[in-house]
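Trainee: Here is the input, now give the coordinates:
(one chain, ligands or ions: 1)
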Amino acid sequence: MDQSGKVWLAGAGPGDAGLLTVKTRELIESSDVIVYDALISAEILSLIPPGKEVINVGKRSGHHLMMQQEINEILLREAQKGKNVLRLKGGDPFVFGRGGEELELLVRHHIPFEIVPGITSASAVPAYAGIPVTHRDHASSFHVVTGHPRQDGTETLDYDSLVNVEGTLVFLMGLTSMERILNGLIEAGLDPDTPAAVLEKGTLAAQRRVVSAAGRLAEDAGRAGIGTPAVILVGKVCALSEQFCWAEERPLGGRQILITRPRMSSSALAGKLRSLGAQVIELPAISTRSISPNFALQRAMKQFGDRAGEEWLLFTSPAGVRIFFEQLAEFKMDVRHIFGRSARVKIAAIGSATEKALRGYGLLADVVPDVYCAAGLGEAVAACAQPRARITAVRAMSGSEELLPPLLEAGLKVDDIPLYETVYETHEQVKEKIQSLFEEGGIDAVTFTSASTVKGFVQTMEQLDFQSIHAFCIGAQTAEEAAKFGMHISTAKEASMDSMTEQILEELGRHGR
Ligand code: SAH
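Mentor: Presented below is the predicted three-dimensional model:
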């Protein structure tokens, strides 16, 4: 069938988005449709570009999980439509992932496919608990075993062999059968004092571990209320956890933070928080849609700089800077058209991220206000501009009204040119997942870098109890917007990502706990 698309059967790893392979990360961007399971974390789902088609096959409908047969048929149907299908599975698709079954139907219909191995929970979850599955002194092999009983309830495991190999035993899908498994091993001769562990939600901020001994693990795990997904580990290496545990020790280890950012801006804040150990969900509360072709900008820029006085260009976001130059290029204008004329051209940026974006185009801002907000920008420019200067603000359509009054009051001529529209979009499925994380108390904080990110968030997550949210805001105007919804608010000391990060560390970091 020459019209057919192709299927990539890919592993997403155990949950931490940093454990996605480069290949899977690229497929998340490039595929036409993503078919994913319940185990895919909110952090990973939040990387899916808005507008991409997604199918959640891990969802319970009534009491039943979607049958394997149905999933196989969905993959076939989508590929037959000519689509590039990313089948995204937890861990590695060929390690208890039923990857083989999903291929059979495709092979029968000659649908081309590729397998993209993933990082399996069998070794990564222990690693995030500080447990090496092999160790020269303690274990020379490890064995990955399903703990799932046969459908008819009969025993599947050969306990004698499992005990005799003397390697580390890793049980997946074993939580409900834990007692049966451990008893089976002990009856087959395993010393009940052998170190053993159960590791819940490994690699995620919510990860927990109970390290104990084979004879006591089931009881200890029950007391700790360990839930799924969880890996059970039996072997001497478990005792190393105390010495080698590291994930929770990071400054923001154990924290999950939702950041609301314009989709197209670089995620500087996400990177900083991740490097400190936090798990970060990026909610594209707002994304930008360029106005193209932008005739208003073309007109304004044809005149800009022709007059003898002083002319100002005002930028209010990094996305605005990028879009401004893109739109100029559409009209075959470059910087010489703007700066090569008679006027004295001055440039103002609302904050440090915008200033940095301008630097990328070889422009150093003349003015950056001390306070990151539209009114602050207006006031700073009004204070520096010559009496009859002309101001051209290039920014979002329906941007903050507070920019203009200080400029107009100073008697300046202002041209307000919209470059882009702000649109709110988030996948319904991602929303649901995030919603339930909030309800479980799994999200420690939400960051806001503008009043419009607050508006976008509230609009997107309308079902939430906003009063239980801890909001970290970049400045006073943003905080004011968040306060309207009763959020608990912390404001950064300065209007920068570094200052926001510091504030989060101060309040949520390990040393403050
Ligand atoms: N293909 C997957 C395994 C799928 S079977 C892989 O390679 O990891 C599902 C089982 O994997 C769960 O029952 C649990 O035992 C384990 N698992 C997956 N993700 C996990 C996580 N983040 N923490 C703990 N166990 C996990």
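Trainee: quick one: buried residues of the strand or helix carrying Gln69?
Mentor: According to DSSP states H and E, Gln69 maps onto helix 68-80. By neighbour count with 16 or more other C-beta atoms under 10 Å, helix 68-80 contains the buried residues Ile71, Asn72, Ile74, Leu75, Leu76, Glu78, Ala79. From N, CA and C alone the C-beta is placed, and that goes for glycine too.
Trainee: For Lys81, see how far away the fourth one is.
Mentor: What that stands for is Leu75. Distance, Leu75 to Lys81, using C-beta to C-beta, to the nearest Å: 11 Å.
Trainee: SS state for Arg209?
Mentor: For Arg209, the assignment made with DSSP: H, G, I helix; E, B strand; the rest coil gives strand.
Trainee: From Gly130, how far off is it?
Mentor: Taking C-beta to C-beta, one finds Arg209 at 9 Å from Gly130.
Trainee: quick one, which of these two is more surrounded?
Mentor: A direct count of neighbours by other C-beta atoms under 10 Å for Arg209 and Gly130 places Arg209 higher, at 28 against 20.
Trainee: The more buried one is in contact with Ser241, isn't it?
Mentor: Yes - applying C-beta atoms under 8 Å as the test, Arg209 and Ser241 come out as touching, 6.6 Å apart.
Trainee: which residues do these two both contact?
Mentor: Ala129, Ala197 (C-beta atoms under 8 Å, 6 or more residues apart in numbering).
Trainee: Can you check my assumption that Ala393 lies in a strand?
Mentor: Yes - per three-state DSSP, Ala393 lies within a strand segment.
Trainee: Next, count neighbours for it.
Mentor: 25.
Trainee: give the contact list for it.
Mentor: Contacts of Ala393 (C-beta under 8 Å, 6+ apart): Leu314, Thr316, Gly399, Leu403, Val414, Asp415, Asp416, Ile417.
Trainee: Now list the buried members of those residues.
Mentor: Leu314, Thr316, Gly399, Leu403, Val414, Asp415, Asp416, Ile417.
Trainee: Looking at those, which one is closest to the ligand?
Mentor: Thr316 (40.8 Å; C-beta to the nearest ligand atom).
Trainee: That closest one contacts Leu377, doesn't it?
Mentor: Yes - Thr316 lies in contact with Leu377 (C-beta under 8 Å); the separation is 6.8 Å.
Trainee: For the stretch 351-500 of the chain, give the residue positioned nearest to the ligand.
Mentor: Gly442 (13.4 Å).
Trainee: any idea whether that residue is helix, strand or coil?
Mentor: Under three-state DSSP, Gly442 comes out as coil.
Trainee: gap between it and Leu464?
Mentor: 13 Å.
Trainee: same thing with Gly99?
Mentor: 36 Å.
Trainee: Now do the residue located most distally from the centre of the chain against the ligand, distance only.
Mentor: No residue in the chain sits farther from the centre than Ala308, which is 48.9 Å out by C-alpha atoms, centre = their mean. Remark: distance between Ala308 and the ligand (C-beta to the nearest ligand atom, to the nearest Å) = 66 Å.
Trainee: Specify the local secondary structure of that residue.
Mentor: Ala308 ends up coil, using three-state DSSP.
Trainee: Distance of it relative to Gln386?
Mentor: Distance from Ala308 to Gln386, by C-beta to C-beta: 11 Å.
Trainee: Please enumerate the shared neighbours of those two.
Mentor: Contacts common to Ala308 and Gln386, judged by C-beta under 8 Å, 6+ apart, are absent.
Trainee: Who are the contact partners of the residue of the stretch 51-200 of the chain found nearest the ligand?
Mentor: Residue nearest to the ligand within the stretch 51-200 of the chain: Gly91 (1.8 Å; C-beta to the nearest ligand atom). Neighbour list for Gly91: Gly11, Ala12, Gly13, Pro14, Leu39, Gly97, Gly118, Ile119, Thr120, Ser121, Ala122, Ala124 [criterion: C-beta under 8 Å, 6+ apart].
Trainee: and if we set it to 6 Å?
Mentor: Applying C-beta atoms under 6 Å, 6 or more residues apart in numbering to Gly91 gives the contacts Gly11, Pro14, Gly118, Thr120, Ser121.
Trainee: pretty sure the last one is touching Gly15, no?
Mentor: No - checked against C-beta atoms under 6 Å, the pair Ser121 and Gly15 is beyond contact range at 8.2 Å.
Trainee: Tell me both backbone torsions, phi and psi, for Ala10.
Mentor: Phi and psi for Ala10, reported as degrees, to the nearest 10, are phi -120, psi 150.
Trainee: swap in Thr354?
Mentor: phi -70, psi -40.
Trainee: burial count for it?
Mentor: Thr354, neighbours per other C-beta under 10 Å, totals 24.
Trainee: Pretty sure it sits against Gly320.
Mentor: No - shown here, Thr354 and Gly320 do not form a contact pair, counting by C-beta under 6 Å, at 7.3 Å.
Trainee: Would you map the helices across the stretch 1-150 of the chain?
Mentor: Per DSSP state H, counting those that start in this stretch, the stretch 1-150 of the chain carries helices over the ranges 22-30, 42-45, 68-80, 99-108, 121-128.
Trainee: what residues does this structure put near the ligand?
Mentor: 14-15, 39, 90-92, 95-97, 120-122, 125, 172-173, 199, 201-204, 229-231 (C-beta under 6 Å from any ligand atom).
Trainee: Which of the residues you listed fall in strands?
Mentor: Leu172, Leu199, Ala230, Val231 (DSSP state E).
Trainee: what about the closest residue to Ile434 other than its chain neighbours, distance to the ligand?
Mentor: In this structure, Ile434 finds its nearest non-sequential neighbour in Ala42, 5.5 Å apart by C-beta to C-beta, 6 or more residues apart in numbering. To the ligand, Ala42 is 13 Å away according to C-beta to the nearest ligand atom.
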